[in-house]
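Colleague: can you look at this prediction? I've put the sequence above it.
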Number of protein chains: 2
Amino acid sequence: MNEFTSRIPDATVRRLSLYLRFLEDFGRLGVSSVASSALAEKGGTTAAQVRKDLSHLGSYGKRGLGYSVAELTEVLRGVLGLDSTWRVALLGAGRIGTALFEYEPFRRRGFHITTVIDNDPCKVGTRLGAIRIRSEHQLEAALREDRIDLVIVAVPASVAQGLVDRVVAVGIKAVLNYAPVQLRLPADVALRNVSMLVELESLSYALARRRE
Amino acid sequence: MNEFTSRIPDATVRRLSLYLRFLEDFGRLGVSSVASSALAEKGGTTAAQVRKDLSHLGSYGKRGLGYSVAELTEVLRGVLGLDSTWRVALLGAGRIGTALFEYEPFRRRGFHITTVIDNDPCKVGTRLGAIRIRSEHQLEAALREDRIDLVIVAVPASVAQGLVDRVVAVGIKAVLNYAPVQLRLPADVALRNVSMLVELESLSYALARRRE
DNA sequence: TTCGGCTTGTGAATTCGTTCACAAGCTGAA
DNA sequence: TTCAGCTTGTGAACGAATTCACAAGCCGAA
């Protein structure tokens, strides 16, 4: 099993992302090797799950010892594509867009927001950090000039699909959507939705069930 | 099958939340009945999936016709616990906290943020909208006085666990976590994590795979 | 009333993900 | 070197979620 022949299931990829965070914590603490059980404990899962997940990457553990923190950190970075930087465009400089823009961990992980688009004429031309906000009309030009890899959508639901269609037409292959709308796009474009409402409502369901 | 005897799988609950949004859209458009295939099309899933999901609620469809938009909207609201309001406390009035506070759809769905806590002395006492920001020291008192049902965590990872322990001790049973840390809490407390990093990194994985 | 065209609800089949359980292998001590 | 104590990697068993496929049922037209 290795990263070239098999695709890793989505649920596993998400956990790998967590394991990487834990490994970095361990690294900072000076720990040089961890057992699957230690990662499981941090992640709220089981040791077997951790080992199965890691087995998708190849065989990096040492029996009797565990995994080298430094080595596994490197491997995970590589597999997750975090060994280079990604150029990111932010669509929408409202409340959520701005909060995302200033979220430090993105940059630390190699996601560089180099482009910000907003259709509010009052905002166009002003700066967000060091980035000049550009108009929606310049979308295609901006994406090409800045060689964008990935787009974050943080605009109102009503305009999201229209913008994304244009983004896809330019050849972007990854979209992170914060708009509360189900985007429709070609199968070869990777899409993740972050929906605050869905999460809250599933909590609401849990609370409502308790009352019965 | 009904909502009293069987618990609905988590994946289904999340989709129900989407269906509800679609139904509200249809309602606004004046549509009075929808087929499972219409909901599937909007949600990017299959008609069979929609019917299976809805079958958890009981039998509200009419063969040959579909589902009554008004009726199903009401049923979904009830099942998801959106027929009453929930009292929500926001921990952390930083960038993300503020953006969440001002996110209109929350209020529209019956989630009322009545309490805001921050440990920055400069912020305590100032207002966010109509809410006075209270100090971390008042956490327990505030949660009780305001009869909070649900807590949103939007504080730095380093302090999140400590705060949540106190929240749980007061008897809160639902937590929505935006801090990039895996919270540990009793099994009877419902927890949802929203991690921007996990989502971005899974997109990064998708992009990295394309390059091979 | 009868028929044709749709659409639901749901067992059965399938696919996908998790957990189990254990042989294989590393390390350090004696 | 041998042995005891851990821990990995992975088939096999299990369980959960999705998809298939079709009988049952509703509606409107003739």
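Modeller: Looks like it arrived, so ask away. Residues are numbered from 1 along each chain as shown, chains lettered A, B, ... in the order given.
Colleague: other SSEs contacting the longest helix seen in chain A?
Modeller: Assignment by DSSP state H gives helix A:10-28 as the longest helix of chain A. Packing partners of helix A:10-28 (3 or more CB pairs under 8 Å, 6 or more residues apart in numbering or on different chains; DSSP states H and E): helix A:36-43, helix A:47-55, helix A:69-79, helix B:196-210. The C-beta positions use only the backbone N, C-alpha and C, and glycine is treated the same way.
Colleague: now those helices in CSV, please, with extra columns for distance to B:Ala47, mean pLDDT and mean neighbour count.
Modeller: Output for the helices and strands packed on helix A:10-28, formatted as CSV (distance: least, CB to CB, whole Å; pLDDT from 0 to 100; neighbours: other CB atoms under 10 Å in any protein chain shown):
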stretch, distance to B:Ala47, mean pLDDT, mean neighbour count
helix A:36-43, 36, 97, 19
helix A:47-55, 33, 98, 17
helix A:69-79, 36, 97, 18
helix B:196-210, 27, 96, 21
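Colleague: any idea which helix or strand carries the most centrally placed residue in chain A?
Modeller: With distances taken as CA atoms, centre = their mean, the residue of chain A nearest its centroid is A:Leu176 (7.4 Å). A:Leu176 belongs to strand A:174-177 when assigned by DSSP states H and E.
Colleague: next helix or strand past that strand?
Modeller: Moving toward the C-terminus from strand A:174-177, the next helix or strand (DSSP H and E) is strand A:190-193.
Colleague: returning to what we had before: who does the helix or strand following the longest helix of chain A pair up with?
Modeller: Next helix or strand after helix A:10-28 toward the C-terminus (DSSP H and E): strand A:33-34. The pairing partners recorded for strand A:33-34 under DSSP bridges are strand A:66-68 (antiparallel).
Colleague: and the strand it pairs with, what's buried?
Modeller: Using 16 or more other CB atoms under 10 Å in any protein chain shown as the test for burial, strand A:66-68 gives A:Gly66, A:Tyr67, A:Ser68.
Colleague: who touches the closest residue to the last one other than its chain neighbours in this structure?
Modeller: Excluding the flanking residues, the one nearest A:Ser68 by CB to CB, 6 or more residues apart in numbering or on different chains is A:Ser33, at 5.5 Å. Taking CB atoms under 8 Å, 6 or more residues apart in numbering or on different chains as the criterion, A:Ser33 is in contact with A:Lys62, A:Leu65, A:Gly66, A:Tyr67, A:Ser68, A:Val69.
Colleague: in this structure the third one contacts A:Ser36, no?
Modeller: Yes. Contact between A:Gly66 and A:Ser36 holds when scored by CB atoms under 8 Å: they sit 7.1 Å apart.
Colleague: ok, and for stretch A:181-195, which residues are buried?
Modeller: A:Val181, A:Gln182, A:Leu183, A:Leu185, A:Val189, A:Ala190, A:Leu191, A:Arg192, A:Asn193, A:Val194, A:Ser195.
Colleague: hmm, which helix or strand of chain A has the shakiest average pLDDT?
Modeller: For chain A, counting by mean pLDDT, DSSP states H and E, helix A:104-108 ranks last in confidence among helices and strands (a mean of 93).
Colleague: what comes up buried for whichever helix or strand comes after that one?
Modeller: Next in sequence after helix A:104-108, counting helices and strands by DSSP H and E, comes strand A:111-117. The neighbour-count check on strand A:111-117 (16+ other CB under 10 Å) flags A:Phe111, A:Ile113, A:Thr114, A:Thr115, A:Val116, A:Ile117 as buried.
Colleague: how much space between A:Glu136 and A:Val159?
Modeller: 9 Å (CB to CB, to the nearest Å).
Colleague: what touches both of those two?
Modeller: In contact with both A:Glu136 and A:Val159: A:Asn119, using CB under 8 Å, 6+ apart.
Colleague: so which of the helices and strands packed on helix A:10-28 gets nearest A:Ala142?
Modeller: helix B:196-210 (19.0 Å; CB to CB).
Colleague: can that closest one be said to contact DNA strand C?
Modeller: No. Helix B:196-210 lies out of reach of DNA strand C by CB under 7 Å from any atom of the strand, never closer than 12.3 Å.
Colleague: show me which of the contacts of A:Ser33 neighbour DNA strand D.
Modeller: The subset of those lying close to DNA strand D, counting by CB under 7 Å from any atom of the strand, consists of A:Lys62, A:Leu65, A:Gly66, A:Tyr67.
Colleague: the residues you listed also near DNA strand C: which ones?
Modeller: Okay, of the ones next to DNA strand D among the contacts of A:Ser33 touching DNA strand C (CB under 7 Å from any atom of the strand), that's A:Lys62, A:Leu65.
Colleague: how about the ones next to DNA strand D among the contacts of A:Ser33 in a markdown table, adding pLDDT?
Modeller: Below are these laid out as a markdown table (pLDDT from 0 to 100):
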| residue | pLDDT |
| --- | --- |
| A:Lys62 | 96 |
| A:Leu65 | 95 |
| A:Gly66 | 97 |
| A:Tyr67 | 98 |
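Colleague: what is the nearest of the ones next to DNA strand D among the contacts of A:Ser33 to chain B?
Modeller: Of all the ones next to DNA strand D among the contacts of A:Ser33, chain B sits closest to A:Tyr67, with 18.2 Å by CB to the nearest CB.
Colleague: return the residues in contact with the closest one.
Modeller: Shown in contact with A:Tyr67 (CB under 8 Å, 6+ apart): A:Ser33, A:Val34, A:Ala35, A:Ser36, A:Leu39, A:Leu54, A:Tyr60, A:Gly61.
Colleague: if we only consider those residues, which is nearest to A:Val75?
Modeller: For these, the nearest to A:Val75 is A:Tyr60 (5.7 Å; CB to CB).
Colleague: ok, that closest one - how many residues close by?
Modeller: 14 (other CB atoms under 10 Å in any protein chain shown).
Colleague: please apply the same query to A:Leu143.
Modeller: A:Leu143 has 23 neighbours, counted by other CB under 10 Å.
Colleague: sec struct for it, please.
Modeller: What DSSP: H, G, I helix; E, B strand; the rest coil gives for A:Leu143 is helix.
Colleague: can you report phi and psi for the residue nearest to it when sequence neighbours are not counted?
Modeller: Leaving aside its chain neighbours, A:Leu143 sits nearest to A:Val170 (4.9 Å; criterion: CB to CB, 6+ apart). Backbone torsions for A:Val170, taken as degrees, to the nearest 10, come to phi -80, psi -20.
Colleague: no further queries at this time; thank you.
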